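Participant: quick one, what's the 3D model for this:
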Amino acid sequence: NGQVKEALVEADNDEIDESEEIVSFAIHPNSQEMVTHSRNLLLRHWKIDEKKLLRSIKAHQEVVLSMEFDSSGTLCCTGSADRTVKVWDIGKGYCTHNFRGHTAIVSTVVFYKMFVASAAEDCTVRLWDLLKNECVAVFKDHLSVVRGISFCSDGQILITAGRDK
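Facilitator: Have a look, this model is predicted:
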């Protein structure tokens, strides 16, 4: 019905502003943790049931518009308006990869094993290899902004959707 059932704010935490606008979030595969990103540019790692803030990280120079955990829940990738894609070890609180290559806002990111696919408003989709620490493919087949990307379950096919005709 559109009503807020609970707020994810610690009652005794002065660091958190209840009116802080969350721009993006990802739920951990264990469903007990989540990561949020707000306009204050902080990536926040939460224990959901306890409403406990585990850590805050200055993540990007601009807002994060998309994020996703890998299947193990160890890594979280983020795509930002600063045109970068970053991969985080959330449990330890540090950036493992910082990918540059998009020339516009990164609108969506997705994991498949040791790969991250990212789509941006530059009408491209990039495939990043975490082991090689580099971009291994750039797809320039869209004529407009790419808004959706998803790997098939076997990872052999990457499906993209854009605002093309």
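Participant: pretty sure Ser71 contacts Met114?
Facilitator: No. With contact taken as CB atoms under 8 Å, Ser71 and Met114 are classed as non-touching, separated by 10.8 Å. Any C-beta I mention is one placed from the backbone N, CA and C, and that applies to glycine too.
Participant: count of neighbours near Arg55?
Facilitator: 14 (other CB atoms under 10 Å).
Participant: I'd say it and His45 touch.
Facilitator: Yes. With contact defined as CB under 8 Å, Arg55 reaches His45; the gap is 4.9 Å.
Participant: overlap of the contact sets of these two?
Facilitator: Gly93 (CB atoms under 8 Å, 6 or more residues apart in numbering).
Participant: mind listing what's buried along stretch 26-35?
Facilitator: Buried positions in stretch 26-35, judged by neighbour count with 16 or more other CB atoms under 10 Å: 26, 28, 33-35.
Participant: first-to-last residue distance for it?
Facilitator: Length of stretch 26-35, first residue to last, CA to CA, to the nearest Å: 5 Å.
Participant: okay, Ile22: pLDDT?
Facilitator: pLDDT for Ile22: 90.
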